[in-house]
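A.B. asks: Pasting a predicted model and its sequence here:
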Amino acid sequence: MAERDSLPSPARRRALRRRLLAWWDAGHRDLPWRFPQRAADPYRVWLAEVMLQQTRVEAVVPHYRRFLARWPTLDSLARADDAEVLAAWSGLGYYARCRNLLAAARAALGRHGGLPASLAGLRALPGLGPYTAGAVASIAFAIPAPAVDGNVARVLSRLFLVPGDPRSPKVKARLAALAAALVDPVRPGDLNQALMELGAGACRPRRPQCARCPVAPGCAAREEGRVEAFPARVPRRKPVRMVIAVVRVERGGRLLLRRAPAGGLFPGMWGLPGLVVPEGEDPAGYLRRRAEAGLGLRLSVGREIASLTRVLTHRRLEFRIHAGKLLGAPPKGTDGWGFTSEADASRLPATSAMHRVIEASGGWFTASRRDRDTKKGSEDKQKALTRRG
Ligand code: SF4
């Protein structure tokens, strides 16, 4: 195998394609976004590809089905309400994907009347990088474009002994060139999906199952007995620590929720009001000092009632949750603030981190507790009226 920097010979490409397509045709996972090459629905293919980024297939399937039942076409999604779409995305994480999805749906409809059937047109839409554009182009439009995600990168780096950090521009370019050379001119979508399926199954990161791999006879890493040496392992970047001081304010069985503003953490998502605490500051003290300027709330901040840590890909979020009382009137208007019941909150977009924060701080009110609190509130009011009278 003397092709370390050159592209595989035409004969080798043909042999690999033949084996991969025969293996794909012999059976693959039946997933709701998979179609025969000629019957693919571009909107459904694209939606699945966006949802699958950084997210497991099992987590995506129920979201995908619910999402399609609510917005079955690109047109319906483009006309949807942002908050409703974000609420349907809740639990999938990486919410920028959802905002880009909406922006791209609107741009595609405005510019092309639907998803464009060209790689350049797809790449020009918000949030469609080389992988997503290549996957949609090849699967939905049968355009011979490469689509290299993490799984495909692993398979290619083993098949062709590609050294170096797979995230570096140089290695990415090499993998893209190999994928472009390998893609099938007639069934590009099936070929790309076969590579993805192989990476998600037999060619897994550790102890790949070469005995059941369709391209084992053409795999350079297997031939050299170095399958686990490819792709090169690179240390993960340590997530950046972020402390968030959060306040739980209750009233009549409801919690005060705030929609995070644009430019902050989780923009557009609802949750308990909170502030990112600068390094070295005491969370409670910072919240007391900055609540009015940072949140627009006049607050009395009490003790810390709970803390919770959530580690995301690039961030380690440490929530420090405090009991609080509003001093004076609640924030005006319904846009961005509200004392909210659990039932109403379930229709708002919220991150799973925020659901955990609410649980950790004491959870939502049960119906009986809410009735008791509401009853107590009216009794207190009655007593006060009686005293005044
Ligand atoms: S032979 Fe093994 S290492 Fe090579 S592509 Fe197949 S599963 Fe991966």
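C.D. replies: That came through fine.
A.B. asks: Skipping its backbone neighbours, what lies nearest the most centrally placed residue in the chain in space?
C.D. replies: Geometric centre of the chain, nearest residue: residue 94, 3.2 Å, by CA atoms, centre = their mean. In this structure, residue 94 finds its nearest non-sequential neighbour in residue 54, 5.7 Å apart by CB to CB, 6 or more residues apart in numbering. Placement of C-beta: from N, CA and C, glycine included.
A.B. asks: So what's the residue count around residue 56?
C.D. replies: 9 (other CB atoms under 10 Å).
A.B. asks: thought residue 210 was touching residue 223?
C.D. replies: No. Contact between residue 210 and residue 223 fails when scored by CB atoms under 8 Å: they sit 10.1 Å apart.
A.B. asks: host element of the closest residue to the ligand within the stretch 51-200 of the chain?
C.D. replies: The nearest approach of the stretch 51-200 of the chain to the ligand comes at residue 158, 4.1 Å away (CB to the nearest ligand atom). Here residue 158, judged by DSSP states H and E, is contained in helix 150-159.
A.B. asks: following that helix, which helix or strand comes up?
C.D. replies: Following helix 150-159 in sequence, per DSSP H and E, is helix 169-182.
A.B. asks: Please see if that following helix touches the ligand.
C.D. replies: No. Figure legend: helix 169-182 not in contact with the ligand (CB under 6 Å from any ligand atom); closest approach 12.3 Å.
A.B. asks: circling back to that earlier point, doesn't residue 219 make contact with the residue of the stretch 51-200 of the chain closest to the ligand?
C.D. replies: Yes. Using CB under 8 Å, residue 158 is in contact with residue 219, at 6.0 Å.
A.B. asks: Any residue of stretch 143-156 touching the ligand?
C.D. replies: Yes. Judged by CB under 6 Å from any ligand atom, stretch 143-156 and the ligand are in contact via residue 155.
A.B. asks: Buried residues in that stretch, which are they?
C.D. replies: 143-156 (16 or more other CB atoms under 10 Å).
A.B. asks: Of these, which is the nearest to residue 29?
C.D. replies: The shortest approach to residue 29 among the buried residues of stretch 143-156 belongs to residue 151, at 12.8 Å (CB to CB).
A.B. asks: Skipping adjacent residues, who's closest to residue 42 in space?
C.D. replies: Nearest residue to residue 42 in three dimensions, chain neighbours excluded: residue 140, at 3.8 Å (CB to CB, 6+ apart).
A.B. asks: Could you tell me the model confidence score at that neighbour?
C.D. replies: If you check residue 140, the pLDDT there is 95.
A.B. asks: quick one on the thing from earlier: could I get the contacting residues of the nearest residue to the residue of the stretch 51-200 of the chain closest to the ligand once chain neighbours are set aside?
C.D. replies: Spatially, and ignoring its direct neighbours in sequence, residue 158 is nearest to residue 221 (3.9 Å; CB to CB, 6+ apart). Contact analysis of residue 221 by CB atoms under 8 Å, 6 or more residues apart in numbering lists 157, 158, 159, 161, 227, 229, 230.
A.B. asks: Now a PyMOL select for only the buried ones of those.
C.D. replies: Only the buried entries of the contacts of residue 221 go into this PyMOL selection, using 16+ other CB under 10 Å:
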select buried, resi 157+158+159+161+227+230
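A.B. asks: Counting by contacts, list what the helix or strand harbouring residue 24 packs against.
C.D. replies: For residue 24, the host element (DSSP H and E) is helix 10-25. Packing partners of helix 10-25 (3 or more CB pairs under 8 Å, 6 or more residues apart in numbering; DSSP states H and E): helix 169-182, helix 188-200.
A.B. asks: contact partners of the longest one?
C.D. replies: Just to be clear, that refers to helix 169-182. Contacts for helix 169-182 (CB under 8 Å, 6+ apart): 5, 7-8, 13, 16-17, 130, 145-148, 152-153, 156-157, 159-160, 162-166, 191-192, 195, 231.
A.B. asks: again, only using 6 Å
C.D. replies: 7, 13, 146, 148, 153, 156, 160, 162, 164, 165 (CB atoms under 6 Å, 6 or more residues apart in numbering).
A.B. asks: ok, now how distant is the second one from the ligand?
C.D. replies: I take that to be residue 13. 15 Å (CB to the nearest ligand atom, to the nearest Å).
A.B. asks: Need the CA coordinates for the helix holding residue 158. PDB is fine.
C.D. replies: Coordinates of the C-alpha atoms in helix 150-159 are reproduced here as PDB (Å, rounded to 0.1, in the frame of the first residue of the first chain):
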ATOM      1  CA  GLY A 150     -16.000  11.700  13.000                       C
ATOM      2  CA  ASN A 151     -16.900   8.100  12.100                       C
ATOM      3  CA  VAL A 152     -16.000   8.500   8.500                       C
ATOM      4  CA  ALA A 153     -12.700  10.200   9.400                       C
ATOM      5  CA  ARG A 154     -11.800   7.200  11.600                       C
ATOM      6  CA  VAL A 155     -12.600   4.600   8.800                       C
ATOM      7  CA  LEU A 156     -10.600   6.600   6.200                       C
ATOM      8  CA  SER A 157      -7.600   7.200   8.400                       C
ATOM      9  CA  ARG A 158      -7.400   3.400   9.000                       C
ATOM     10  CA  LEU A 159      -8.100   2.400   5.400                       C
END
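A.B. asks: Fine by me, thanks again.
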